[in-house]
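**Student:** Generate coordinates for the sequence data below:
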Amino acid sequence: MTQRARPETGSVEMTSLESLEWHRAFGQLAENVDRAGFWLALVRRLAREVHFDTWVALVFDRQQPPLILAESDEDDGADDALFQDYQRGLYLLDPFYIDACERERCGLFTLAEVAPQHFTRTEYYQRYFQRNIVADEIHFNQTLDERRTLCLSLGSTRPFSREALGSLALMQPWILALMRLRMHFEPEEAGASGPHPWHPQPDKELDFDSRYALTEREREVSQLMLGGSSTKEIARRLAISIETVRAHKKHLYAKLGVSSQSELFSLFWQARR
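**Tutor:** Model (predicted):
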């Protein structure tokens, strides 16, 4: 690390012990990137700098449910059921998943950056996010290829402060590099039993019940609706007019025999595998 001269005195400000310890710790992580306990060692190192309550390392896939590589371990086992529900379909409503599928990009991303306007009103927020994350979430995203993104998610029972986000931003280059290296040593594991019937299937009708026969565009609209996007947001994200979005809503509600988003979510959840 370079030394800096203080303008007022001309004296040299030496590298702090904390900075030396930081570089040593990340050097040790790099040396152990092929070990089974890598993810736990990484989050323990991050926890010394920033407060968070839950974490999960996972791979978002445009063609399959997310593959969970490692996660925080609560004594009561409640997190296991929540992660199972997530893999069985709730991932389709996760704003981080939707954003990663829409845009291939690496970096540190906050919930405020990716969450749609009405996110806190959604069934996903009430049934999953509030129970599992509670207040705030950030993601380190590293793209792997055209369909997959490796993510390290940190969840907190209180909003991340500006100072915490600043610290995480400074750590970002190190963490993304370690994440990218780690994927060379991740064992090949099968994901969930199969994608939710409402998972993107271009040029195909939904197969969870042939009598519904939603189009792919109607599926996209329903996914964004259940994820908390307003009509204007859906129009912007899909590059269609507001009137077209409203027409799709009307058609899919009629096909599914529902009249509210709550009923739509119930049908979505019943279709999970």
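**Student:** before we move on, what SS does the residue lying closest to A25 once chain neighbours are set aside have?
**Tutor:** Excluding its sequence neighbours, the residue lying closest to A25 (CB to CB, 6 or more residues apart in numbering) is R45, at 5.4 Å. Backbone N, C-alpha and C define where each C-beta goes, glycine included. Classification of R45 by DSSP: H, G, I helix; E, B strand; the rest coil places it in helix.
**Student:** Please, where are all the helices along the chain?
**Tutor:** Applying DSSP state H to the chain gives helices spanning 17-31, 38-47, 78-87, 95-102, 111-114, 123-124, 130-132, 162-182, 216-226, 231-238, 242-256, 261-270.
**Student:** Just list what the fifth one packs against, helices and strands only.
**Tutor:** Here helix 111-114 touches helix 95-102, strand 136-143, going by 3 or more CB pairs under 8 Å, 6 or more residues apart in numbering; DSSP states H and E.
**Student:** returning to what we had before: let me see the confidence value for the residue nearest to A25.
**Tutor:** Model confidence at R45, given as pLDDT, is 93.
**Student:** ok, now the one 10 residues further on?
**Tutor:** On the pLDDT scale, W55 is placed at 94.
**Student:** The one 5 residues further on too?
**Tutor:** You'll see F60 listed with a pLDDT of 95.
**Student:** do the same with S193
**Tutor:** In this prediction S193 is given a pLDDT of 59.
**Student:** do F140 as well
**Tutor:** 98.
**Student:** Which residue lies nearest the spatial centre of the chain?
**Tutor:** F96 (3.7 Å; CA atoms, centre = their mean).
**Student:** Distance to L111 added to the helices and strands packed on helix 111-114, as CSV?
**Tutor:** Below are the helices and strands packed on helix 111-114 laid out as CSV (distance: least, CB to CB, whole Å):
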stretch, distance to L111
helix 95-102, 7
strand 136-143, 5
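**Student:** Please identify which of those is closest to E123.
**Tutor:** helix 95-102 (13.9 Å; CB to CB).
**Student:** What residues of stretch 116-131 count as buried?
**Tutor:** Residues of stretch 116-131 classed as buried: P116, F119, T122, E123, Y124, Y125, R127, Y128, F129 (neighbour count, 16 or more other CB atoms under 10 Å).
**Student:** pretty sure the fifth one contacts G89?
**Tutor:** No. At 10.0 Å, Y124 and G89 do not qualify as touching, with contact defined as CB atoms under 8 Å.
**Student:** if we can go back for a sec, so which of the helices of the chain comes closest to Q142?
**Tutor:** helix 162-182 (4.6 Å).
**Student:** Can you give the contact residues for that closest one?
**Tutor:** Outside helix 162-182, the residues that touch it by CB atoms under 8 Å, 6 or more residues apart in numbering are 26, 29-30, 33, 38-39, 42, 46, 49-51, 57, 106-108, 110, 138, 140, 142, 150, 152, 160.
**Student:** quick one: buried residues of it?
**Tutor:** Buried, per 16+ other CB under 10 Å, within helix 162-182: A164, L165, L168, M171, W174, I175, L176, L178, M179, R182.
**Student:** average pLDDT across that helix?
**Tutor:** pLDDT averaged over helix 162-182 gives 95.
**Student:** Now do that helix against strand 136-143: the angle between them, please.
**Tutor:** 30 degrees (axes from the mean of the first three to the mean of the last three CA atoms, to 10 degrees).
**Student:** could you dump helix 162-182 to CSV, C-alpha only?
**Tutor:** Coordinates of each C-alpha in helix 162-182 appear next as CSV, following Å, rounded to 0.1, in the frame of the first residue of the first chain:
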residue,chain,number,x,y,z
ARG,A,162,-24.2,4.2,4.1
GLU,A,163,-21.0,3.3,5.9
ALA,A,164,-21.7,-0.4,5.5
LEU,A,165,-22.4,0.0,1.8
GLY,A,166,-19.3,2.0,1.4
SER,A,167,-17.2,-0.7,3.1
LEU,A,168,-18.8,-3.4,0.9
ALA,A,169,-18.1,-1.4,-2.2
LEU,A,170,-14.5,-1.2,-1.3
MET,A,171,-14.4,-5.0,-0.8
GLN,A,172,-16.2,-5.7,-4.0
PRO,A,173,-13.2,-6.3,-6.4
TRP,A,174,-11.7,-8.7,-3.9
ILE,A,175,-15.0,-10.6,-3.3
LEU,A,176,-15.9,-10.9,-6.9
ALA,A,177,-12.5,-12.2,-7.8
LEU,A,178,-12.7,-14.8,-5.1
MET,A,179,-16.2,-15.8,-6.1
ARG,A,180,-15.1,-16.3,-9.7
LEU,A,181,-12.2,-18.5,-8.6
ARG,A,182,-14.4,-20.5,-6.3
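**Student:** Good, we can wrap up now.
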